[in-house]
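> Sequence and predicted model, in that order:
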Number of protein chains: 2
Amino acid sequence: MDLSQPRGIRDIEPDEFDLHLKIRRTFEEIARAYNFKLMEPGPLENLSILRAKSGSQVDDQIYSFKDKGDRDIGLRFDLTVGMTRNVSANKALKPPVKLASYGGVWRYDEPQHARYRWFYQWDVEVFGDQSVEADAEVMDLSYNFFKKVGLQNFSLQVGDRRVVEGYIRQAMGVASEETMMEMMRVLDKVQKKTEAELAEEYGPKGVGREALAELLRFGRTKGSPDEVCKRLEELRLASAAGGELVALRDSLKSRGIQNVEYNMSIVRGLDYYTGIVFEVVDRDHPDLGSLCGGGRYDVLPKLFGRPDLPATGAAGGVERIALSMGRAAGGADLEPSVYVAYTEPGLAEKALSTVSSLRGGGIRSELGARGKSLGKQLEDASSRDFAWVVIIGKRELDSGQLVLRNMRSREEEKVPIDGLLARLTKA
Amino acid sequence: MDLSQPRGIRDIEPDEFDLHLKIRRTFEEIARAYNFKLMEPGPLENLSILRAKSGSQVDDQIYSFKDKGDRDIGLRFDLTVGMTRNVSANKALKPPVKLASYGGVWRYDEPQHARYRWFYQWDVEVFGDQSVEADAEVMDLSYNFFKKVGLQNFSLQVGDRRVVEGYIRQAMGVASEETMMEMMRVLDKVQKKTEAELAEEYGPKGVGREALAELLRFGRTKGSPDEVCKRLEELRLASAAGGELVALRDSLKSRGIQNVEYNMSIVRGLDYYTGIVFEVVDRDHPDLGSLCGGGRYDVLPKLFGRPDLPATGAAGGVERIALSMGRAAGGADLEPSVYVAYTEPGLAEKALSTVSSLRGGGIRSELGARGKSLGKQLEDASSRDFAWVVIIGKRELDSGQLVLRNMRSREEEKVPIDGLLARLTKA
């Protein structure tokens, strides 16, 4: 029988799963510390909801199908849309509403290295808070999440679409909405393409050579928040964002966030965002793309009938973090693990109750292979990487003791039966 | 815009999510203690894999569709099939392989109270261990999982399809395979239907009045493992299962499992199972159905080309446990939660850095509402159920102190700024 899986779908095997588990728990803990409520939107949505943001062009990138009642439904492609639908439908919620979610999402993309058609995302959103403090809160959480997960060398890159738009309109004198949008697209691609490539692609779309050069020069406006705020002041663009970049700088400082860079080429695509946007970049692995992205997207709740719910948030891929973690450190298993061997068949029962009491104490343990000699059991334990072997023998048992063998040092000691759990817990 | 969700699909809202989180973490901990490796099979499978067990009749009960490459795929309806496919495809694994998984599954059933078309299951499986110890291991884990989750009044109900088959063939003299299968179906429905209903339904299928009465009498063979083993001995049926029910009884005893009942009406449906089967029943809420079910199903790995991998396992619904937990106890939030209020706008920065340091210490905390008087902030904290309020005032701050207010007792105390985290951690 053909045991293959659908294209782009794979199992999360135990080693990778352990990394996922660490990431998920860290996320859940930090979301809670920041007073976000954890929830999960349903994985299937009516197609009209999935299309709300970008129209039917989204159909090419998602799994959608007709259910047996001939209704158009699809698998969620992110968590943001479902979270926004949830909050928008609930008129009783008192803003601000802070929600966090962690779950699988599906995209019908061409599979690539470390990019699958089913993968996990984390997501935090603040609804109903117009102030820049909400943006700062989301950046703060994202930043400290990566720190807590153990990543070391990353930076927060902050941009503001209103400032970029202000520059394009005021300084460059672009009046056409369409040309302005094309220029945003240029900035979004500046990391991936050369100036010549951009000229070729966007020349026919109304972005001339000179305008392109000026735009790219402006896109290189980056540096410490102080420097960039000063530069925007000189360009008379500070007011384009209502002074929010200054307030954000101060808030991030109070929150103790370091490694912040303001970067005017960060515009984060086109569909969602309306104001401040940001990315977290892994400096050790810039090839892997950003660790997360986010920003303000007041437009989506408005589409869902809630113009009263401004929204800001962040989301990132879990596989992406696991890759960075995997490269950073081996996943050494430090928790005690115990193999309970026994010297003769008549002691199996005692071995079993010993295993039960260890497990009851939360210690990973396994009963020795049945019908095998002690030597074979020790080999088995060693090949399966157990840190400890408990040996149950007739003679020791008669004096209420067990032998505990440290499989790394190969040292053995005698331990009273009822002292085993305590001995291993402090090991 | 229509914000409805597809029929039978709902969001897991924060209150329910907290129960799910507790259940999931308990499951992950116990699976690890029992030395099962956690993994997750992909949520989409080729339709041929989903059909392996019960043929195309499964199509009516699952979400299946053609992907854009015109391939037949479907959403997993349980975790067992994917886990079995995973292990079957991997010839390098050295048995026994013990896997655990926790994830969402989809069924195209008619939605009912607390039954959705998307819900969570936990699942543990042992592959490549033919011995009854593997069955005992799975029951042991399931039993202690429910105990750890906080359920109190439940029992393990154990049956054996080989014994039932032995009775039907030997004592009742049924030779037809088909009639034998119909009789299994009768036993499977004995909890839900009256004898008259069963007679009407199964009479035409070859189960006459007398045979039905005899079958139901045998199905009432239940009680303590000792009693039932003795009864089967009398009926000369003990050997039908190779004496395994006796070995199982002894193993469960060594493992300290109480509340075990052997019950010959437990046959667990028809598709999977080949030997010992079991259910865990919540005695306080028998109306909710079983908490989990499982048993030996050597047939499925064989279908996947691995006759060398006997298999036994258990799975249960998470919503089902959440219901029992929800009825058992309120979800009182015992972790400290802190609202950081401040008496004047100039102290916002100090309030923010205080919030940051509390969050860094893992304490759920929130900044006081901007631009609100202290009184309004206290009201806000109270309506949002924070256990503590930290009040940052100019005078206390000058002497390096904060005011800490217990929102339940309404007592206030002064705490040195750098002693706040320690004070709350021991609270």
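That came through fine. Residues are numbered from 1 along each chain as shown, chains lettered A, B, ... in the order given.
> Tell me where the stretch 1-150 of chain A has helices.
Along the stretch 1-150 of chain A, the segments classed as helices by DSSP state H, counting those that start in this stretch run A:14-33, A:47-51, A:80-89, A:132-149.
> list the buried ones in the second one?
Which is helix A:47-51. Across helix A:47-51, burial judged by 16 or more other Cβ atoms under 10 Å in any protein chain shown covers A:47, A:49-51. In this view, the C-beta of every residue, glycine as well, is placed from N, C-alpha and C.
> between the helices of the stretch 1-150 of chain A, which gets nearest to B:R117?
Ranking those by proximity to B:R117 (Cβ to Cβ) places helix A:80-89 first, at 15.4 Å.
> can you give me how far the closest one is from the chain middle?
19 Å (Cα atoms, centre = their mean, to the nearest Å).
> same for that helix, what does it pack against?
strand A:44-46, helix A:47-51, strand A:97-106, strand A:118-127, helix A:299-303, strand A:311-317 (3 or more Cβ pairs under 8 Å, 6 or more residues apart in numbering or on different chains; DSSP states H and E).
> Counting by contacts, list what the fourth one packs against.
When contacts are defined as 3+ Cβ pairs under 8 Å, 6+ apart, strand A:118-127 sits against helix A:14-33, helix A:80-89, strand A:97-106, helix A:132-149, strand A:311-317, helix A:318-328.
> show me what contacts the closest residue to A:F65 other than its chain neighbours?
Excluding the flanking residues, the one nearest A:F65 by Cβ to Cβ, 6 or more residues apart in numbering or on different chains is B:F65, at 3.6 Å. Residues near B:F65 by Cβ atoms under 8 Å, 6 or more residues apart in numbering or on different chains: A:65-66, B:72-74.
> Show me which of the residues you listed are buried.
In the contacts of B:F65, the ones that pass as buried (16+ other Cβ under 10 Å) are A:65, B:73-74.
> What segments of the stretch 251-400 of chain A are helices?
Along the stretch 251-400 of chain A, counting by DSSP H, counting those that start in this stretch, helices occupy A:299-303, A:318-328, A:348-360, A:374-383, A:394-398.
> Which other helices and strands does the second one contact?
Using 3+ Cβ pairs under 8 Å, 6+ apart as the contact definition, the elements that helix A:318-328 packs against are helix A:14-33, strand A:118-127, helix A:132-149, strand A:290-296.
> Do a quick rundown of the strands in the stretch 101-250 of chain A.
All strands of the stretch 101-250 of chain A, identified by DSSP state E, counting those that start in this stretch, fall at A:118-127, A:154-160, A:222-223.
> buried ones in stretch A:382-396?
A:386-393, A:396.
> quick one: terminal-to-terminal distance for stretch A:233-243?
With Cα to Cα, to the nearest Å applied, stretch A:233-243 spans 10 Å between its terminal residues.
> So A:A136 versus B:E177, what's the distance?
70 Å (Cβ to Cβ, to the nearest Å).
> Of these two, which one has the most company?
Taking other Cβ atoms under 10 Å in any protein chain shown, A:A136 and B:E177 do not tie; A:A136 has more neighbours (24 against 10).
> Now for A:S54, how many residues are close by?
Using other Cβ under 10 Å: A:S54 sits among 14 other residues.
> which ones are touching A:D380?
A:339, A:368-369, A:372.
> can we see that at 7 Å?
Contacts for A:D380 were tallied using Cβ atoms under 7 Å, 6 or more residues apart in numbering or on different chains; they are A:369, A:372.
> Could you do the one 10 residues further on as well?
Neighbouring residues of A:V390 by Cβ under 7 Å, 6+ apart: A:338, A:340-341, A:354, A:402, A:404, A:420.
> again, but for A:I417
Contacts of A:I417 (Cβ under 7 Å, 6+ apart): A:400-402.
> which one of the helices and strands packed on helix A:80-89 is the most hemmed in?
strand A:311-317 (a mean of 25; mean count of other Cβ atoms under 10 Å in any protein chain shown).
> What pairs with that strand, parallel or antiparallel?
strand A:118-127 (antiparallel), strand A:290-296 (antiparallel) (DSSP bridges).
> Could you figure out how far that strand is turned away from strand A:97-106?
Note on geometry: by axes from the mean of the first three to the mean of the last three Cα atoms, to 10 degrees, strand A:311-317 and strand A:97-106 are set 30 degrees apart in direction.
> what's across from the residue in the stretch 51-200 of chain A positioned nearest to chain B in the sheet?
Closest residue of the stretch 51-200 of chain A to chain B, Cβ to the nearest Cβ: A:F65 (3.6 Å). Bridge pairing for A:F65 (DSSP bridges) gives the partners A:I73.
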